[in-house]
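# Okay, sequence plus prediction incoming.
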Amino acid sequence: MNLSDLDTPALILDRQRLQANIARVSARAKSLGVDLRPHMKTAKCAEVARLATAGHSGGITVSTLKEAEYFFEHGFADITYAVGIAPAKLARAAALQAKGARLSLVTDNLEVAREIGIRGADLGATFEVLIEVDTGDGRAGLDLESDDLVAVGRALEEAPGAALRGVLTHAGQSYDCRDIKSIVAVAEAERAGAVQAAERLRAAGLPCPVVSAGSTPTAIHAGNLDGITEIRPGVFVFQDVFQAEIGSCALTDIAVSVLATVTGQHPQRAELVIDAGGLALSKDRSTAAAPRDVGYGLVTDSHCGGDLPEMHVARVSQEHGIVKLANGAGEAPPFARLRPGTRLRVLPNHACFTAAAYEGYHVVDGASETPDEVVGFWPRVNGW
């Protein structure tokens, strides 16, 4: 099968770029003396997880219990569910543990910590729990100076149905950075904050074997990770236009794209229409705040070869994408080369959101002599 045989829109994964992205971050983790526990919320795919964990402990991170169940069924037993656990989900977590999974849960709430211990005992389980701390993101996590940090640790460690495994943080504020110096500073705040939390727990006589941190930007640019035991970047496996805009990668590193077909031309508006709209691309507009606004994704040729002038998806409706040249109002795309039926690829703003619309990846090898050949289909898990 070739790209020309696929119905569009279709999700394309370049295996060569994927492997290069993984190798880069894997080598960095080893050089900094930490384990790589990749966050699989981006790929949600066992084949990608096998590549991303090679040479490390084999542990992964997930964002839903459905992901945890899927990855356990595909041979991954050491799983961190890195979203604050809702007590109603504890029975489902216990069922997965009963099958042999080592599932680490997360909380930043004293009441929930007590409930975890009670429910664990009732369910005949011991839930290992990481305490989430806030190192500047402002999304979830205890303040580093909060008295609840030690209180949560004691509640977990003293309960018959729970055990304290360590601390976890996420520097989501790294996505607000617009230069490498700023990302390095955020990475240090993330590292220092997580280590501070761990030291507070240890000073209180509590165990803290795991000190977990890491976003893709901070994993790539951290100056050092002293005191950290593992990092959990996710989007690094694919990268995307937003990550390229903030300096985490180059556009040529982006491994995932959407194959689309030109369905119309409107020379009077200097626009093309493609059959990939808001559902196929997502309506993520993260690049609007980046150094360069590229609408809903950059458009390239079917090989991602860059032999077309730079275009972007300027507007979307549910199933329509409106393409314009990226650099200048009034300039026209090369209509003679882009007649209806022509295949294009769209590099996504946010790979996690775009990939979520698809059941799996049509895999190509862009470095091969046959870049149009589809060499496999890798399914992914969706839902909750």
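Thanks, I have it. Residues are numbered from 1 along each chain as shown.
# in the longest strand seen in the chain, what's buried?
Under DSSP state E, the strand in the chain containing the largest number of residues is strand 256-266. Residues 256-263, 265 are the ones in strand 256-266 that count as buried (16 or more other CB atoms under 10 Å). Bear in mind the C-beta positions are built from the backbone N, C-alpha and C, glycine included.
# and the helix or strand just after that strand, average pLDDT?
The first helix or strand that comes after strand 256-266 along the chain, using DSSP states H and E, is strand 271-274. Along strand 271-274, the predicted confidence averages to a pLDDT of 96.
# Can you show me the CA trace of strand 271-274 as CSV?
What follows is the C-alpha trace of strand 271-274 in CSV, where atoms were taken according to Å, rounded to 0.1, in the frame of the first residue of the first chain:
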residue,chain,number,x,y,z
GLU,A,271,-7.0,29.7,-1.0
LEU,A,272,-7.1,26.0,-1.3
VAL,A,273,-9.6,23.7,0.4
ILE,A,274,-8.5,20.3,1.8
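# Thought Val299 was touching Ile322, still the case?
No: here Ile322 lies out of contact with Val299, judged by CB atoms under 8 Å, at a distance of 10.7 Å.
# Name the residues contacting each of those two.
Contact criterion CB atoms under 8 Å, 6 or more residues apart in numbering; residues bridging Ile322 and Val299 by contacting each: Val313.
# Can you pick out the residue with more neighbours from these two?
For Ile322 against Val299, the residue with the higher neighbour count under other CB atoms under 10 Å is Val299, and the figures read 31 against 20.
# picking up where we left off before, in TSV: the buried residues of strand 256-266, plus distance to Ala192 and pLDDT.
As requested, the buried residues of strand 256-266 are exported to TSV (distance: CB to CB, whole Å; pLDDT from 0 to 100):
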residue	distance to Ala192	pLDDT
Val256	33	98
Ser257	37	98
Val258	39	98
Leu259	44	98
Ala260	44	98
Thr261	50	98
Val262	51	97
Thr263	52	98
Gln265	55	94
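# Kindly indicate which of those residues lies nearest Val210.
Each of the buried residues of strand 256-266 was scored against Val210 by CB to CB, and Val256 proved nearest at 29.9 Å.
# Was I right to think the closest one contacts Ala356?
No: shown here, Val256 and Ala356 do not form a contact pair, counting by CB under 8 Å, at 11.5 Å.
# Can you list the low-confidence ranges for the stretch 51-200 of the chain?
Counting by pLDDT under 70, not a single residue of the stretch 51-200 of the chain qualifies.
# hey, where'd the strands end up in it?
If DSSP state E, counting those that start in this stretch is used as the criterion, the strands of the stretch 51-200 of the chain fall at 60-62, 78-84, 102-107, 127-132, 162-168.
# Show me what stretch 142-150 is in contact with.
In this structure, residues lying in contact with stretch 142-150 by CB under 8 Å, 6+ apart are 108, 110, 131-135, 152, 193, 196-197, 200-201, 204, 206.
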